[in-house]
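J.: here is my input; please provide its structure:
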Amino acid sequence: MACRISELVLDCADPERLAAFWSEVLGYVELGREDDGSIQIGPPDTGFGGPQPTLVLSPSNDPRTGKLPLHIDVNATDRDQDAELERLLALGARPADVGQTGTESWHVLADPEGNEFCLLHTRLQPI
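T.: Presented below is the predicted three-dimensional model:
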């Protein structure tokens, strides 16, 4: 038997803002809130425990130092990479420089709090 990733937890200054951003990026909905201010978002039909992990936006005042040791990669499901890049930038993502050469097939972006993520080239089938 093996483990499965069920949720990813991202410490952030503004869980509301990031929950709204990542919900739009991933097509997720709010699944719940905790007393500590955490907001869990996930797929609208399956929620927690489905084939896709949920995302927990957890409030934190700890300052971020340097590049994240872990980042999220996303792939478009219903458009090409260029169209998805335009959509993500319109949602509030911004280009990020983590030392890429410019010849990569992916785009490095940052969410509204500066957390890096990559938009990969391959278009995937929706789940």
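J.: so D73 touches T122, yeah?
T.: No: counting by CB atoms under 8 Å, D73 stays clear of T122, with 10.2 Å between them. Glycine gets a C-beta too; all of them are placed from N, C-alpha and C.
J.: pull the number of nearby residues for L109.
T.: 22 (other CB atoms under 10 Å).
J.: which helix or which strand is home to it?
T.: Secondary structure from DSSP states H and E places L109 in strand 107-110.
J.: and that strand, how far out from the chain middle?
T.: Taking CA atoms, centre = their mean, to the nearest Å, one finds the center of strand 107-110 at 11 Å from the center of the full chain.
J.: which SSE is immediately downstream of that strand?
T.: Counting by DSSP H and E, what follows strand 107-110 is strand 116-119.
J.: and the strand holding L109, what does it pack onto?
T.: helix 81-91, strand 94-95, strand 116-119 (3 or more CB pairs under 8 Å, 6 or more residues apart in numbering; DSSP states H and E).
J.: return the most buried member of those.
T.: Comparing the helices and strands packed on strand 107-110 by mean neighbour count (mean count of other CB atoms under 10 Å), strand 116-119 ranks first with a mean of 19.
J.: may I have the strands that pair with that strand, each with its orientation?
T.: Strand 116-119 sits in its sheet next to strand 72-74 (parallel), strand 107-110 (antiparallel), going by DSSP bridges.
J.: at which residues are the strands of this protein located?
T.: 7-12, 29-33, 39-42, 54-59, 72-74, 94-95, 107-110, 116-119 (DSSP state E).
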